[in-house]
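Colleague: no sequence on this one, just coordinates:
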């Protein structure tokens, strides 16, 4: 098997070969590191690559497996983490000059759990500055592997670009308005935001405490399920994490959807959609029906106000998170970010309170809709990946437009996944979003896997 085939294997297949001792973690890690080096100048996916540490972790994994101490499907598999997660011994910069000296000495909980599962950490992936809409003024944007002139999807963009470049088998991202699912949609991979509280955010730099989610991106649904399994669960260091048992996600993966009720929202989610996205998504909905699902229309009237609530809450909570940094290092922020943060600090408290009240109304509408169905289905984004040269300098308008369909599920905390469902006439990926009830990621994975396995979209490779 050549390097390229090794690098584009699914995580689950690589895990099976490693477990059977037919593939060396050292051989696999070396191949992926070569791929990182081959593609970095094109995608700009990584901020740092921890080559020597990765090789040492691979050697350790190989020795453990040879002794019969196999830890599970991530053991010896190369993965990456967004540079908003703490990785002991390294800087966490969040793509900003503000944190240029922020060397940490403890892993984020999710990173520690990846290490405990035996994963090989390749390095830290690129992102927008502090995970908002503005490109990193230090590292520049990550580029979409399908068209290097286009965006890879804002905040967790480096994670998605690395996956589609064959430079990682899974990657940890964060999602406050859609930044796991949006890069997945733009780059043609899988990204899941689990229920709010399913994954610890300890050691992850905050954007919006009430809407931040940590979650994985991967090339297939099974691979995303494997990665989420490893990082999910209660953490005493994060009081928002749920104490319930984490399901065995892989057991939910089936090829049929008989008996599953899927709702298509009447409002909001098909308004002003790119003319090439609508037909692709409707074809995917038809496929879900062919797989046995009952598809029906549902009404969620208050969702049309979700953008207003989302923007008000994020801006206020982000300003609170940056208050001390603005006082001491405000001159180091890039672009207009410092001015935006200072402006948010002047917003009246009543605006935040009204936004939280509106959020409660939106959550109640979704609760009622989810009493009628097991899942919702929508497009992941209303637009196709845009050219980086066309991104507004302020970024906020573009970000709000892209997150129109993902943001409501940060407000509600419902589990949501994006899976590839086709390509535009220009060869750009289109994403399908499936949304479940609280704590029911298993149902989300079930539907996403059944759809994925009935198509070939996830098998395509970009021309890198």
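Modeller: Structure's in. What do you need? Note that this is a predicted model, so its numbers are computed, not measured.
Colleague: do you know how far the residue sitting furthest away from the middle of the chain is from residue 54?
Modeller: For the chain, the largest distance from the centre (Cα atoms, centre = their mean) belongs to residue 67, which lies 34.8 Å off. According to Cβ to Cβ, to the nearest Å, residue 67 stands 21 Å off from residue 54. For glycine as for every other residue, the C-beta is placed from the backbone atoms N, C-alpha and C.
Colleague: just residue 313 next, same as before
Modeller: 38 Å.
Colleague: now do the helices in the stretch 151-300 of the chain.
Modeller: Applying DSSP state H, counting those that start in this stretch to the stretch 151-300 of the chain gives helices spanning 157-164, 181-187, 221-231, 277-290.
Colleague: just send the ones you listed back as JSON lines, with distance to residue 111 and mean neighbour count too.
Modeller: Shown next, in JSON lines, are the helices of the stretch 151-300 of the chain (distance: least, Cβ to Cβ, whole Å; neighbours: other Cβ atoms under 10 Å):
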{"stretch": "helix 157-164", "distance to residue 111": "13", "mean neighbour count": "34"}
{"stretch": "helix 181-187", "distance to residue 111": "19", "mean neighbour count": "34"}
{"stretch": "helix 221-231", "distance to residue 111": "9", "mean neighbour count": "27"}
{"stretch": "helix 277-290", "distance to residue 111": "34", "mean neighbour count": "17"}
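Colleague: possible to save the ones you listed as a markdown table with mean pLDDT and distance to residue 26?
Modeller: Formatted as a markdown table, the helices of the stretch 151-300 of the chain follow (pLDDT from 0 to 100; distance: least, Cβ to Cβ, whole Å):
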| stretch | mean pLDDT | distance to residue 26 |
| --- | --- | --- |
| helix 157-164 | 98 | 20 |
| helix 181-187 | 98 | 28 |
| helix 221-231 | 98 | 21 |
| helix 277-290 | 98 | 40 |
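Colleague: in JSON lines, list the ones you listed along with distance to residue 367.
Modeller: Shown next, in JSON lines, are the helices of the stretch 151-300 of the chain (distance: least, Cβ to Cβ, whole Å):
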{"stretch": "helix 157-164", "distance to residue 367": "31"}
{"stretch": "helix 181-187", "distance to residue 367": "21"}
{"stretch": "helix 221-231", "distance to residue 367": "24"}
{"stretch": "helix 277-290", "distance to residue 367": "23"}
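Colleague: which of those helices sits closest to residue 37?
Modeller: When those are compared by Cβ to Cβ, helix 157-164 sits nearest residue 37, at 12.3 Å.
Colleague: what's in contact with that closest one?
Modeller: Residues from elsewhere that reach helix 157-164 (Cβ atoms under 8 Å, 6 or more residues apart in numbering): 36, 43-47, 80, 82-83, 125-128, 141-146, 151-153, 168-173, 183-184, 186-189, 191, 217-219, 461-462.
Colleague: one step back: so the residue farthest from the centre of the chain versus residue 60, what's the distance?
Modeller: 11 Å.
Colleague: please apply the same query to residue 452.
Modeller: Distance from residue 452 to residue 60, by Cβ to Cβ: 33 Å.
Colleague: try residue 217
Modeller: For residue 217, the distance to residue 60 - Cβ to Cβ - is 25 Å.
Colleague: these two: who's more crowded?
Modeller: The neighbour count for residue 217 versus residue 60, taken as other Cβ atoms under 10 Å, is higher for residue 217 (33 against 15).
Colleague: if you skip the residues just before and after it, what's nearest to that one?
Modeller: residue 191 (4.4 Å; Cβ to Cβ, 6 or more residues apart in numbering).
Colleague: contacting residues around the one you found?
Modeller: So residue 191 contacts 156, 160, 173, 175, 180-185, 215-217, 224, 417-418 (Cβ under 8 Å, 6+ apart).
Colleague: same check on residue 183?
Modeller: 152-157, 159-161, 173, 189, 191, 217.
Colleague: repeat that for residue 312.
Modeller: Counted by Cβ under 8 Å, 6+ apart, residue 312 has contacts 347, 351-352, 354-355.
Colleague: so residue 458 belongs to a strand, correct?
Modeller: No: under the criterion used here (DSSP: H, G, I helix; E, B strand; the rest coil), residue 458 is helix, not part of a strand.
Colleague: returning to that earlier point: just so I know, which of the helices of the stretch 151-300 of the chain lies nearest residue 444?
Modeller: Closest among the helices of the stretch 151-300 of the chain, using Cβ to Cβ: helix 221-231, at 9.2 Å.
Colleague: what distance separates the closest one from the centre of its chain?
Modeller: 12 Å (Cα atoms, centre = their mean, to the nearest Å).
Colleague: report all helices and strands that it contacts.
Modeller: helix 11-19, helix 109-116, strand 170-175, strand 190-193, strand 213-218, strand 416-423, helix 441-453 (3 or more Cβ pairs under 8 Å, 6 or more residues apart in numbering; DSSP states H and E).
Colleague: the shortest one pairs with which strands, parallel or anti?
Modeller: What it means is strand 190-193. strand 213-218 (antiparallel), strand 416-423 (antiparallel) (DSSP bridges).
Colleague: may I ask you to name the longest helix in this protein?
Modeller: helix 349-370 (DSSP state H).
Colleague: that one - contacts with which helices or strands?
Modeller: Against helix 349-370 (3+ Cβ pairs under 8 Å, 6+ apart) you get strand 261-265, helix 306-321, helix 408-412.
Colleague: which non-adjacent residue is nearest residue 444?
Modeller: residue 436 (4.2 Å).
Colleague: which residues touch the one you found?
Modeller: 374-375, 414-416, 443-444.
Colleague: just checking, residue 369 touches residue 301?
Modeller: No: between residue 369 and residue 301 there is no contact under Cβ atoms under 8 Å: 9.8 Å.
Colleague: of the two, which one has the most company?
Modeller: Taking neighbours as other Cβ under 10 Å, residue 369 and residue 301 compare with residue 369 leading, 19 against 14.
Colleague: got a list of what that one touches?
Modeller: Residue 369 neighbours (Cβ under 8 Å, 6+ apart): 263, 265, 298-300, 376.
Colleague: hmm, which of these are the buried ones?
Modeller: The neighbour-count test (16 or more other Cβ atoms under 10 Å) marks 263, 265, 298, 300, 376 as buried among the contacts of residue 369.
Colleague: nearest to residue 318, of these?
Modeller: Distances from residue 318 to those, taken by Cβ to Cβ, are shortest for residue 300, at 26.3 Å.
Colleague: what about that closest one, distance to residue 372?
Modeller: Distance from residue 300 to residue 372, by Cβ to Cβ: 11 Å.
Colleague: residue 125 now?
Modeller: 39 Å.
Colleague: the more surrounded of those two?
Modeller: Regarding residue 125 and residue 372, a neighbour count based on other Cβ under 10 Å identifies residue 125 as having more, with 35 against 12.
Colleague: may I have the beta-bridge partners of the more buried one?
Modeller: residue 46, residue 82.
Colleague: now do it, the pLDDT please.
Modeller: Predicted confidence (pLDDT) for residue 125: 98.
Colleague: use 559 as the first number for this chain going forward.
Modeller: Will do, 559 is the new start, and the previous item becomes residue 683.
Colleague: residues touching it, list them.
Modeller: With Cβ under 8 Å, 6+ apart, residue 683 has these contacts: 603-605, 638-641, 700, 714, 716-717, 719-720, 726, 729.
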